[in-house]
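Participant: Sharing a model prediction with you, sequence too.
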Amino acid sequence: MAKADIAELIANILKDFLPANGLELYKVEYVKEDGERYLRVYIEKPEPAPGEPETYIGSDDCVLVSEYLSAELDRTDPIDENYVLEVSSPGMDRELIRDDDYRRFAGRQIDITLKEAFEGRKAFAEVTLIGLDGKGGEVSAKTLVIEETPVIPPPKKGMKPKFGETKRYEIPFSLVSKVTLSVIF
């Protein structure tokens, strides 16, 4: 069974179960690593209503989905190969993969890896996501809009750093390899 077919199969199995339990499907991966096949299912909580706090996936959510999905896959046995089933959240450094992710996480800090240099750089770290222009169209028509405010190190120990002038970048989305939320402690 092709990877795309497996992802579609998992989405169909979970299409009613996840919403009924206050969850959403984020991504499905079927990969081979070190001679083992892994079926990785990533789940998330729906976007909160305006003014409501963000809620996160817990281990109980993963166990609930894992047990349900495992039982369904055992019952129908659609995958010919042996595999390890893993259910988890996308993590703090989640990749932005859907157009809606760029709207949902606007204003947050992101890290970007590019396929080729843009303005002399192949990566941007801890920049502010403004959004994605040209939604719903071809990738070549989309633009990733970010802002970066450089931190100027203090000249002497104990002094506070200063901030440079904020610069806005509009990166052609066709140059983007990967965008993840920054993890800042």
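Facilitator: The structure has been received and is ready for your questions.
Participant: same for the least confident helix or strand in the chain by mean pLDDT, what does it pack against?
Facilitator: Here the helix or strand of the chain ranked lowest by mean pLDDT, DSSP states H and E is strand 151-152, holding a mean of 85. For strand 151-152, the elements it packs on are strand 162-163, judged by 3 or more C-beta pairs under 8 Å, 6 or more residues apart in numbering; DSSP states H and E. C-betas here are computed from N, CA, C, even on glycine.
Participant: in this protein, what residue sits furthest out from the centroid?
Facilitator: K156 (38.9 Å; C-alpha atoms, centre = their mean).
Participant: Run through the residues that contact that one.
Facilitator: By C-beta atoms under 8 Å, 6 or more residues apart in numbering, K156 lies in contact with nothing.
Participant: what about the helices in the chain?
Facilitator: Remark: helices assigned in the chain by DSSP state H are 3-14, 17-20, 59-76, 99-104.
Participant: In this protein, spot the strand with the most residues.
Facilitator: Looking across the chain with DSSP state E, the single longest strand is strand 121-133.
Participant: average pLDDT for it?
Facilitator: In this model, strand 121-133 carries a mean pLDDT of 95.
Participant: buried residues in that strand?
Facilitator: For strand 121-133, a neighbour-count test (16 or more other C-beta atoms under 10 Å) marks F124, V127, T128, L129, I130, L132 as buried.
Participant: now the second one: how far from T180?
Facilitator: In this case it means V127. Computed with C-beta to C-beta, to the nearest Å, the distance linking V127 and T180 is 12 Å.
Participant: Quick check, pLDDT for A49.
Facilitator: Looking at A49, its pLDDT stands at 88.
Participant: on that earlier part again, direction included, what does the longest strand of the chain pair up with?
Facilitator: Partner strands and pairing direction for strand 121-133 (DSSP bridges) are strand 109-118 (antiparallel), strand 143-148 (antiparallel).
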